[in-house]
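Asker: sequence-free structure coming up:
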């Protein structure tokens, strides 16, 4: 009670001292400006009086030192006393809301000084002030504060830092005490368990690994876990310290809470799984896997983990999960794959025809060339869909039913040796269109001695009229001895994937047809022609043959399968 009364008296004394200081300041301020408040001043005389008072030296009401006050400070006292005629002393005793805040120091200056004081705690106040002045002059930040202002601010910083440093030291000391307590708990637990003869005899490896603890030792460990957790430590840290796994401790705790100390005597968990039964199950799963599901009355065309587990139960009365059945298959090298559709040809002479094309390609002379020819179309002149960049949340839409403005049909020939295109626009896919394209190719390659043409098995590619025209055309060429001879090398039926020009058409459509909305057939033809001209210019500057695998000598390296897949690779 005595200590409590003394502390309360001390608090009352402090409050009385603060009140006395405020009263002295109020009386002093009223003494400075009182004659101005009660006096009758002429217009313009107030400013002169305030300026005169700001030049005088006054006795400090608390310390007694000789001090001066600025014009604005005395003006503030004057208006406070003038506006509160009934309680002037009370109004003048109030502290300013910004008291203790250095107004001449901006937020940027205070931040700079605090950072500088933290980095250079050994500097003097004078050096800190000179550094701030130089910093502000270099960056033209305005008028620098005075030395006394900087000194007061730095003192407030250092005092708060000293207080916080003491708090940090106390916090570190408390943390050290807690750490020592936790360490003692762990060490005392280990020493207690090592008193057991079976555990003390073990000298290699962790002392408690693969060791059987009795019920009393387990109960002791659980009590020490609770002691460790009461200090704020975690169960995992305690388990790491004593060398017993966390799942083991949790299992002991669950048994103790459910059955008491008697639950710590049970040992029902197997140390190792029955591997013999697992190997036997794996063999049975593979045996079932190599038969059809319908054999076991399961209405499926392929196996899944669930169906394998069901079939194993039907045949051997062994129950496993679908996940276990799938794991046995994966360990045996099996995995789930989707069937890939491939392009095939039904032509009985497929191998012979492809070998003719390959032989022709691989034996071309410098004065000979081969062309891949095909048609594209009709291409409707309308709004086409395609892939394009859009903003998130937006969607590109194309009307499913729309009126076409026109349509075009394109016939093209791709040189296998130069990878350049020759093209023309025709009315329809027929023999006349092919004759026009062959004549165009013939006129552009007068310097060659032989031109081979390969195309698919369309009806107009091997029509009687086309064959008769080509025979007459070659006969006329021999008679005139001007221009190359033309020979047809047809592809097998249903093997469009071997025609390299298909990939050129695909790239062209992706570039200028997809996501387009041409207004006329002429506009679409201009875009297509411009694309082919740019392509020809590119391969003129960067020579390259057309196709990839079709030039290989061992094209039929796998004699048991038909070359198929993405036609762009051929």
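Answerer: Cool, the structure landed. Since the structure is predicted, the reported quantities are computational estimates derived from the model, not experimental observations.
Asker: I'd say residue 105 and residue 112 touch.
Answerer: No: look at residue 105 against residue 112 with CB atoms under 8 Å: they stay out of range, at 9.5 Å. To be clear about C-beta, it is placed using only N, CA and C from the backbone, and glycine gets the same treatment.
Asker: anything in contact with each of those two?
Answerer: When contacts are counted by CB atoms under 8 Å, 6 or more residues apart in numbering, residue 105 and residue 112 have no shared neighbour.
Asker: Give the helix, strand or coil label for the most centrally placed residue in the chain.
Answerer: Centroid check for the chain by CA atoms, centre = their mean gives residue 392 as the closest residue, at 17.3 Å. Look at residue 392: counting by DSSP: H, G, I helix; E, B strand; the rest coil, its state is coil.
Asker: which ones are touching it?
Answerer: Neighbouring residues of residue 392 by CB under 8 Å, 6+ apart: there are none.
Asker: In the stretch 451-570 of the chain, where is pLDDT below threshold?
Answerer: 548-570 (pLDDT under 70).
Asker: typed the wrong thing, it's the stretch 1-150 of the chain
Answerer: Scanning the stretch 1-150 of the chain for pLDDT under 70 picks out 1-15, 17, 96-102.
Asker: any idea where the helices of it begin and end?
Answerer: For the stretch 1-150 of the chain, the helices defined by DSSP state H, counting those that start in this stretch occupy 2-38, 45-55, 71-83, 88-93, 107-119, 125-139, 147-193.
Asker: closest to residue 62 out of those?
Answerer: Proximity to residue 62, assessed across those by CB to CB, is greatest for helix 2-38 (6.3 Å).
Asker: Let me see the contact set for residue 128.
Answerer: Counting by CB under 8 Å, 6+ apart, residue 128 has contacts 113, 116-117, 120, 150, 154.
Asker: if we can go back for a sec, of all the helices of the stretch 1-150 of the chain, which lies closest to residue 454?
Answerer: The closest approach between residue 454 and any of the helices of the stretch 1-150 of the chain, judged by CB to CB, belongs to helix 125-139 at 78.0 Å.
Asker: re earlier: out of the helices of the stretch 1-150 of the chain, nearest to residue 521?
Answerer: helix 125-139 (68.8 Å).
Asker: and that closest one, which residues are buried?
Answerer: The neighbour-count check on helix 125-139 (16 or more other CB atoms under 10 Å) flags 125, 128-129, 131-133, 136 as buried.
Asker: likewise stretch 394-410?
Answerer: Buried residues in stretch 394-410, counted by 16+ other CB under 10 Å: 405-406, 408-410.
Asker: Where strands are concerned, which of those count?
Answerer: Among those, the residues falling in strands (DSSP state E) are 406, 408-410.
Asker: closest to residue 222 among the residues you listed?
Answerer: For those, the residue nearest residue 222 by CB to CB is residue 410; the value is 84.7 Å.
Asker: Test my guess that the closest one contacts residue 422.
Answerer: No: assessed by CB under 8 Å, residue 410 is found out of contact with residue 422, at 11.4 Å.
Asker: Need the pLDDT of residue 201.
Answerer: What the model reports for residue 201 is a pLDDT of 48.
Asker: wait, what's in contact with the closest residue to residue 510 other than its chain neighbours?
Answerer: Nearest non-adjacent residue to residue 510, counting by CB to CB, 6 or more residues apart in numbering: residue 386, 7.4 Å away. Counting by CB under 8 Å, 6+ apart, residue 386 makes contact with 510, 513-516.
Asker: Tell me where this protein has strands.
Answerer: For the chain, the strands defined by DSSP E occupy 58-59, 66-67, 368-381, 406-415, 421-426, 450-454, 485-488.
Asker: What is the fourth one packed up against?
Answerer: With contacts defined as 3 or more CB pairs under 8 Å, 6 or more residues apart in numbering; DSSP states H and E, the secondary structure elements packing on strand 406-415 are strand 368-381, strand 421-426, helix 431-444, helix 501-508, helix 521-541.
Asker: Could you do the second one as well?
Answerer: Other helices and strands packing on strand 66-67, by 3+ CB pairs under 8 Å, 6+ apart, are strand 58-59.
Asker: What pairs with the strand it packs on, parallel or antiparallel?
Answerer: Looking at strand 58-59 with DSSP bridges, its partner strands are strand 66-67 (antiparallel).
Asker: hmm, back to that, among the ones in strands among the buried residues of stretch 394-410, which one lies nearest to residue 334?
Answerer: Nearest to residue 334, judged by CB to CB, of these is residue 410 at 48.2 Å.
Asker: Now for the nearest residue to that closest one once chain neighbours are set aside, how many residues are close by?
Answerer: In space, and not counting its chain neighbours, residue 410 is closest to residue 376: 4.5 Å by CB to CB, 6+ apart. Neighbours of residue 376 under the rule other CB atoms under 10 Å: 21.
Asker: One more: residue 478?
Answerer: Neighbour number of residue 478 under other CB under 10 Å is 10.
Asker: Relative to residue 369, how far out is the closest residue to it other than its chain neighbours?
Answerer: Nearest residue to residue 478, sequence neighbours excluded (CB to CB, 6+ apart): residue 485, at 7.3 Å. For residue 485, the distance to residue 369 equals 12 Å [CB to CB, to the nearest Å].
Asker: any residues in contact with both of those two?
Answerer: Residues touching both residue 485 and residue 369 comprise 450-451, with contact defined as CB under 8 Å, 6+ apart.
Asker: between the two, who's got more neighbours?
Answerer: Remark: of residue 485 and residue 369, residue 369 carries more neighbours, 21 against 17, as counted by other CB under 10 Å.
Asker: Residue 217: neighbour count?
Answerer: Neighbour tally, residue 217, other CB under 10 Å: 19.
Asker: Grab the nearest non-local neighbour of it.
Answerer: Leaving aside its chain neighbours, residue 217 sits nearest to residue 193 (5.9 Å; criterion: CB to CB, 6+ apart).
Asker: tell me the pLDDT at the one you found?
Answerer: Per-residue confidence (pLDDT) for residue 193: 81.
Asker: Give the burial count for it, as a bare number.
Answerer: Neighbours of residue 193 using other CB under 10 Å come to 21.
Asker: Can you show me the helices along the stretch 151-300 of the chain?
Answerer: For the stretch 151-300 of the chain, helices defined by DSSP H, counting those that start in this stretch occupy the ranges 197-200, 215-230, 235-242, 246-259, 275-289.
Asker: Return the distance of residue 236 relative to residue 188.
Answerer: Noted for residue 236: a distance of 19 Å to residue 188, by CB to CB.
Asker: I meant to write residue 305 there.
Answerer: From residue 305 across to residue 188, the span is 51 Å (CB to CB).
Asker: quick one on the thing from earlier: to residue 220, which of the strands of the chain lies closest?
Answerer: Ranking the strands of the chain by proximity to residue 220 (CB to CB) places strand 66-67 first, at 73.9 Å.
Asker: ok so, going back, in a markdown table: the helices and strands packed on strand 406-415, plus distance to residue 298.
Answerer: Converted to a markdown table, the helices and strands packed on strand 406-415 look like this (distance: least, CB to CB, whole Å):
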| stretch | distance to residue 298 |
| --- | --- |
| strand 368-381 | 48 |
| strand 421-426 | 56 |
| helix 431-444 | 56 |
| helix 501-508 | 44 |
| helix 521-541 | 55 |
